[in-house]
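In: Sequence plus the predicted model coming up.
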Amino acid sequence: MANKILEVQGLKQYFGTAKQPIKAIDGISFDVYEGETLGLVGESGCGKSTTGRSIIRLYDITEGQITFKGKNISELKSRKELMQFNREMQMIFQDPYASLNPRMTAGELIAEGFDIHGLYKNKKERQARIGELLEAVGLTREHANRYAHEFSGGQRQRIGIARALSLDPSFIIADEPISALDVSIQAQVVNLLKQLQKERGLTYLFIAHDLSMVKYISDRIAVMYRGKILELGSADEIYNNPIHPYTKSLLSAVPQPDPAYERNRTRIPYKHVDHDPEAKVIEARPGHFVFGTDIQVKEWAKCK
Ligand SMILES: Nc1ncnc2c1ncn2[C@@H]1O[C@H](COP(=O)(O)OP(=O)(O)OP(=O)(O)O)[C@@H](O)[C@H]1O
């Protein structure tokens, strides 16, 4: 098995006040291995984005430990360490309309990161790097001088990806990178991400609100609900042998190309129940973890 590149242990992220905390993340633990894609799935408000943002240090975490390449990220303090971390870990955002300044050209947007880091002081080298990145994401060198508002949603997301790649990171957090795009474009962007991963040995944390597209990109999937991870396993296990009722409910919402299956598909509603105080993370099958009590997990595993 590959090395762990990221370890999240007992992460809590609370907002609000001490009296009325909003428990956006309420004690989650998971690892991400070098070169894999971990899908993080759950409905709106479950804490997915906050997880990504805490990992990339947009927030000081409330509790727990996040270790990236062997270093506790909360302990990175010096400018040099923070700059190095920033080079290694990048983010792709959901809305390519909101996240790119429409008054900047594609070239300026892509170069922003490496300009801050003072790379490519030579103008020719800088231009060459911009061109290389545009081509890497399926655009052309000629696109460098066009403004962000002149691009379609799919093309803008490609610029967002080129920006994320500009400092040669090893880890990318993709926060619902396809949710704002037309369905016809979504697969193209997923395929591009897969291809870039292969070429560059990237590791992804891929955040999504449903299980339909994550299947095509994730090696493993973590299912999140109300600030907790309820199930985590290989994509195959999650799709074919889901255990937690919430995962089963999410899966029942995924449309399938098979018309016979579709005719009979019924949405399984998830009825919220407070977690049993005895609930813990249980390895129900090798590498397949479920949050529940021993009795619950046994019961859930029995019913398909
Ligand atoms: N900066 C903040 N201040 C206060 N509350 C916040 C903040 N960020 C997130 N929250 C709250 O934390 C919870 C989790 O939010 P988060 O954005 O992580 O969920 P999400 O699963 O990514 O949802 P979405 O798919 O809608 O982005 C929500 O209740 C949200 O309102």
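Out: Everything's here; your move.
In: contacts, neighbours, all on C-alpha from now
Out: Will do.
In: Give me the three-state assignment for residue 179.
Out: State at residue 179, reduced to three classes by DSSP: H, G, I helix; E, B strand; the rest coil: coil.
In: For the closest residue to it other than its chain neighbours, grab phi and psi.
Out: The shortest distance from residue 179 to any non-neighbouring residue, by CA to CA, 6 or more residues apart in numbering, is to residue 94 (6.5 Å). Phi and psi for residue 94, reported as degrees, to the nearest 10, are phi -70, psi -50.
In: The closest residue to the ligand within the stretch 51-200 of the chain and residue 20: what is the separation?
Out: Proximity of the stretch 51-200 of the chain to the ligand (CA to the nearest ligand atom) peaks at residue 51, 6.4 Å away. Relative to residue 20, residue 51 is positioned 20 Å away (CA to CA, to the nearest Å).
In: how about the helices of the protein, start to end?
Out: 48-55, 79-88, 106-116, 123-136, 153-165, 183-200, 214-217, 235-240, 245-252, 259-264, 294-302 (DSSP state H).
In: So what touches stretch 277-286?
Out: Contact partners of stretch 277-286, identified using CA atoms under 8 Å, 6 or more residues apart in numbering, comprise 289, 290, 291, 292, 293, 294, 297.
In: Of the residues you listed, which is the most crowded?
Out: When neighbours are counted by other CA atoms under 10 Å, residue 290 leads the contacts of stretch 277-286 with 27 neighbours.
In: Surely that one touches residue 242?
Out: No - at 9.4 Å, residue 290 and residue 242 do not qualify as touching, with contact defined as CA atoms under 8 Å.
In: got the residues of the chain near the ligand?
Out: Taking CA under 6 Å from any ligand atom as the criterion, the chain approaches the ligand at residues 15, 16, 24, 43, 44, 45, 46, 47, 48, 49, 50, 209.
In: and the gap between the closest residue to residue 29 other than its chain neighbours and the ligand?
Out: Nearest non-adjacent residue to residue 29, counting by CA to CA, 6+ apart: residue 9, 4.4 Å away. As judged by CA to the nearest ligand atom, to the nearest Å, residue 9 and the ligand stand 17 Å apart.
In: Quick check: pLDDT value at residue 9.
Out: Model confidence at residue 9, given as pLDDT, is 98.
In: Pretty sure it sits against residue 65.
Out: Yes - in this structure, residue 9 is within contact of residue 65 by CA under 8 Å, at 5.2 Å.
In: residues contacting the residue of the stretch 51-200 of the chain closest to the ligand?
Out: Here residue 51 is in contact with residue 25 (CA under 8 Å, 6+ apart).
In: Show me the shaky parts of this structure.
Out: In the predicted model of the chain, residues 1, 304 satisfy pLDDT under 70.
In: Quick check: residue 109 vs residue 152, distance?
Out: Taken as CA to CA, the spacing of residue 109 relative to residue 152 amounts to 16 Å.
In: what about the two, which has more around it?
Out: Set side by side, residue 109 and residue 152 show more neighbours around residue 109, with 22 against 13, by other CA under 10 Å.
In: distance of the nearest residue to the more buried one once chain neighbours are set aside from residue 76?
Out: Spatial nearest neighbour of residue 109, excluding adjacent residues (CA to CA, 6+ apart): residue 163 at 6.7 Å. As defined by CA to CA, residue 163 lies at a distance of 23 Å from residue 76.
In: of those two, who's got more company?
Out: Taking neighbours as other CA under 10 Å, residue 163 and residue 76 compare with residue 163 leading, 27 against 15.
In: Contacts only, for the more buried one.
Out: 109, 110, 111, 112, 113.
In: rerun that using 10 Å as the cut-off
Out: With contact taken as CA atoms under 10 Å, 6 or more residues apart in numbering, residue 163 is in contact with 90-92, 100, 106-114, 130, 133-134, 157.
In: picking that back up, any residues in contact with both of residue 290 and residue 242?
Out: 231, 232, 233, 300, 301.
In: The third one - how many residues pack around it?
Out: The criterion is other CA under 10 Å. On that basis, residue 233 has 25 neighbouring residues.
In: So what's the residue count around the closest residue to it other than its chain neighbours?
Out: Sequence neighbours aside, residue 288 is the residue nearest to residue 233 in space, at 4.3 Å (criterion: CA to CA, 6+ apart). The number of residues packed near residue 288 is 22, by other CA under 10 Å.
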